[in-house]
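In: okay, predicted coordinates and the sequence, questions at the end:
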Amino acid sequence: MKKGILAAVIAASVNGMFAVFSVILALAISRDGLAHESEYDPKTNPRPWIRPLDRQGFHLGFPLATVTPMLSPADTGGLFDGGVEHIETDYYGPAHVHEKLDETIIMIDGSAYIRLNDRDFTLTRGEWLHIPRGTVHSFKSTGSPAKWIILKSPSAPPPPATVTPECDRSAFTPSMVADVERMKQFYHDCLDDFYMVPDAGLPGTPYTPSSYRPDFEVRPWVRPLDRRQFHLGFPSASVTPMLSGEDTGGAFTGAIEHIETDYYGPAHVHYTKSETIIMIDGSTRLRVDGTDITLTEGQWLHIPPGNVHSFDSTGNPARWIILQSPASGEPGDAADSDECDRSAFTPDMIADPEIMTRWYHDCVDDFYMVPEAGLPGDEAGR
C-alpha cells in the first residue's frame, strides 16, 4: 500500500516537473523566436492585398458624390476604415456631425470648400484635414471634380442585415437622391452616428450659430504637405508625420514617405502592427511575403502583422501615404538614449547596413530586420 502511494507521489512529482519544464521550454522557444526574427513564419498570418483605385464605388447619397471602399474594419481589427470619395462639379455635402467617430480627409486631387463649425476655408491637393467627433462640418465643390481619401476611426458599424425599404439606397431614383429633405431623413434614420445640422449652412453662405453644442471641446486642424520631415534611416528616404496616435485615440498614425531614385528599404517584419501604403506619386517595387510587386499611383497595399516586406526604387522619386495600426506614439519615435539619437548619425553611419539594422532593432518599436528575405528582384529570399 505504501509502495503504491509512494509511486503515485513520485509519478505526480515527475508529471508536475515535466509540466513546469514544458512551460519553461515553451517560453524559451518563444523568446528565441522573437530574438531570431528570420525564423518567424508569416504564412500563419492574414494575407496582404493590393486594391486598385478603380474598384466599384457606391453612391454616397449627397448629389454627385460616390465612395470607393478600400480598407475595411476587418483589415484593421475595427480600429479604422478608409475609402476614396469622388465629387463632381456641383457637389455639396450638407452640414452634419458625428458624436462617436473622427474623420481624416486627405485631398489627393482638386480642391473643395469646407465649413468646420464657424470657419470656412478651401482644402487643396496635399492637405490633410482632421475632423474630431463633435465638429459640425459641410462641404461644397469649387466648380471642378475632386477626390479625397477619407479615414474614419473607430470604424463605422456595419449596416444592419435587414434593410428596410426606406433605407434601401440601391432603390433610390435620381430624383429621390436629389430630394434634399428625403436625403436628410435617410441619413437621420438609416445611418449610425450621422446627424444633420441644417442651420449650420454650407461654405460661402451666411453663418448663423448652430443649434448643436457638443459637451466636449473639439479642435479640428488642417496640415499642409510641407511640414517638417525627418530622415527615415534607410538611404534616400524621409517621412513627414501628419496624423498622430493622439489625434486618432490610438487607432492609427499617418505620414507621407518620400523616396529618391536610389532608395531601398531592407526586409523587415512587424509582429503587432499592420501597415497600409497608398501610392500617391510615382511607383515603387516591393517584396511582400516572398512575392515581388510594383505598386503604382492610386493603388492601396495592406500588410498585416507578420508579413516580411522590403522596398526598392523603380529609378524615380515617389511618395506614398503610410498608415500604421494600432498607433504607438508619434511616427519615428525611438528610445531616449545616445545610441538612438539619429540626429547625430553621419552619412557614412546611415549607409552602413549593420549600424542601421542594429538601430532599428534596438530603437524602433516592433521593427525587426529579416536580411535573408532580400530585396525585390533578388534571387535570395524567394
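Out: On my side now, so go ahead.
In: which residues of the stretch 1-150 of the chain score low on pLDDT?
Out: Across the stretch 1-150 of the chain, residues meeting the criterion (pLDDT under 70) sit at 1-45, 53-63.
In: please enumerate the strands of it.
Out: 49-51, 58-59, 65-71, 81-87, 92-97, 102-109, 111-116, 119-124, 128-131, 137-141, 146-153 (DSSP state E, counting those that start in this stretch).
In: outline the domain layout of this protein.
Out: For the chain, automatic domain parsing gives the domain ranges 49-222, 226-373.
In: quick one: which of those domains is nearest Glu379?
Out: Nearest to Glu379, of all the domains of the chain, is domain 226-373, at 11.0 Å by C-beta to C-beta. The way it works is simple: take the backbone N, C-alpha and C, and place the C-beta from them, glycine included.
In: any idea of the mean pLDDT in the closest one?
Out: What domain 226-373 shows for mean pLDDT is 83.
In: picking up where we left off before, make JSON lines from the strands of the stretch 1-150 of the chain and add mean neighbour count and distance to Thr205 to it.
Out: As requested, those are arranged in JSON lines below (neighbours: other C-beta atoms under 10 Å; distance: least, C-beta to C-beta, whole Å):
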{"stretch": "strand 49-51", "mean neighbour count": "16", "distance to Thr205": "37"}
{"stretch": "strand 58-59", "mean neighbour count": "14", "distance to Thr205": "25"}
{"stretch": "strand 65-71", "mean neighbour count": "19", "distance to Thr205": "19"}
{"stretch": "strand 81-87", "mean neighbour count": "22", "distance to Thr205": "18"}
{"stretch": "strand 92-97", "mean neighbour count": "21", "distance to Thr205": "10"}
{"stretch": "strand 102-109", "mean neighbour count": "21", "distance to Thr205": "20"}
{"stretch": "strand 111-116", "mean neighbour count": "21", "distance to Thr205": "8"}
{"stretch": "strand 119-124", "mean neighbour count": "15", "distance to Thr205": "9"}
{"stretch": "strand 128-131", "mean neighbour count": "23", "distance to Thr205": "19"}
{"stretch": "strand 137-141", "mean neighbour count": "22", "distance to Thr205": "9"}
{"stretch": "strand 146-153", "mean neighbour count": "22", "distance to Thr205": "19"}
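In: figure out which of these is closest to Cys167.
Out: strand 58-59 (13.7 Å).
In: who's the residue nearest to the spatial centre of the chain bridged to?
Out: Against the mean C-alpha coordinate of the chain, by C-alpha atoms, centre = their mean, the closest residue is Leu323 at 3.2 Å. Following DSSP bridges, Leu323 is listed with bridge partners Gly254, Thr276.
In: distance-wise, check it relative to Leu191.
Out: Using C-beta to C-beta, to the nearest Å, Leu323 is found at 24 Å from Leu191.
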